[in-house]
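Colleague: Pasting the sequence and the predicted model now:
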Amino acid sequence: QTMGTTRQGNLPAMGGMGFFLEELEESDEEGDETVPIQVDDIPQAFSHFSYEHSKGKQLVCDLQGVWNADDGFVLTDPVIHYVCSRGRKHTNGATDKGEAGVKKFFQTHMCNSLCKRMGLRKRTPATLISVAGK
């Protein structure tokens, strides 16, 4: 299942993940074809978005759930990795692996068409955001 996308010029500032969950279909003004967003791309892009939006302090991942056209996603069992400048561990429970969990996510994450549409920076464990005081 795919969703339409919009051209880069219409993207809201980093606060609008919900914007992408609406079904939009537009072509790029320069005539390039729009790359469809796969429904499976959304949880991965949301994880990446959560990291960027929190300025590197949190990453929501391991999202599980279902998609339906009426309600969108129903997601459960998130893992939230919290990078603490004071070195606290497991702030969000036993599954919170902090910086190690963030690094592991970005070792395997491949930016998809939604990441690109949102203008999210491609990250690797070597290019993570430095959290002040860490």
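Modeller: Yes, it's here.
Colleague: Restrict the helix or strand containing residue 115 to CA atoms and write it as PDB.
Modeller: Per DSSP states H and E, residue 115 falls inside helix 113-117. C-alpha atoms of helix 113-117 as PDB (Å, rounded to 0.1, in the frame of the first residue of the first chain):
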ATOM      1  CA  SER A 113      11.300   8.300   0.700                       C
ATOM      2  CA  LEU A 114       9.500   9.700   3.700                       C
ATOM      3  CA  CYS A 115      12.800  10.500   5.600                       C
ATOM      4  CA  LYS A 116      13.900  12.300   2.400                       C
ATOM      5  CA  ARG A 117      10.600  14.200   2.000                       C
END
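Colleague: Show the low-confidence segments of this protein, by residue range.
Modeller: 1-34, 132-134 (pLDDT under 70).
Colleague: Please work out which residues outside the lengthiest helix in it touch it.
Modeller: Looking across the chain with DSSP state H, the single longest helix is helix 41-53. Helix 41-53 has contacts (Cβ atoms under 8 Å, 6 or more residues apart in numbering) with 14-15, 17, 20-21, 58-61, 63, 65, 67, 73, 75, 102, 105, 109-115, 118, 120-121, 123, 129. Placement of C-beta: from N, CA and C, glycine included.
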